[in-house]
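Peer 1: build the 3D model from these lines:
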Amino acid sequence: MGLLAAALIALAFLRDFWPLFAARLVLGCSAGLMFIVAETALNTAAAPERRGRITGVYTAAGAFVLGPALIALMPDRPAALLVGCAAIALMALIPFAAEKRRVSRAVAPGSARHILPAIAAFPLAFGFLFIASMVDAVAISPMPVIMLDRG
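Peer 2: Numbering: from 1, shown residues only. Have a look, this model is predicted:
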């Protein structure tokens, strides 16, 4: 989360191509890692019979409603917006600070070999996951260009 916040702040103040490129790379990797950790923690904590509903509410309300709403309430200046997003990103550390268990005890280790049989067993679910991930990536990727165009 610290790298994510630092990359957002760097994007607010850097103007040269290569430092912007590096900050965008760090932002992409950090955001991807944050997504993986958040989804894993959510799936681990949710009861199996309610996991789909909880994940749906988290994704729909948290990611696609609350996030853009918070950004819409922020100032319309790129630097202030990016610094505000960095502050919001750092707030994601609050649940980790509140957790008393160690993560290594909460998540059982698994093998990456089991993903191919899972894809074969649930091709439609993995297909939709792939499409959703691609749409998310396509929607987020041009954000620096759009913000640069807005001044």
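
Peer 1: nearest residue to the middle of the chain?
Peer 2: The C-alpha lying nearest the average C-alpha coordinate of the chain belongs to residue 35 (CA atoms, centre = their mean; 3.9 Å).

Peer 1: residues in contact with it?
Peer 2: Not one residue lies near residue 35 by CB atoms under 8 Å, 6 or more residues apart in numbering. Backbone N, C-alpha and C define where each C-beta goes, glycine included.

Peer 1: what helix or strand is it on?
Peer 2: Using DSSP states H and E, residue 35 maps to helix 17-45.

Peer 1: next structured bit after that helix?
Peer 2: helix 51-57.

Peer 1: and the next helix or strand past that next one?
Peer 2: Sequence order places helix 67-73 as the next helix or strand after helix 51-57, per DSSP H and E.

Peer 1: starting at the chain centroid, how far to that following helix?
Peer 2: 15 Å (CA atoms, centre = their mean, to the nearest Å).
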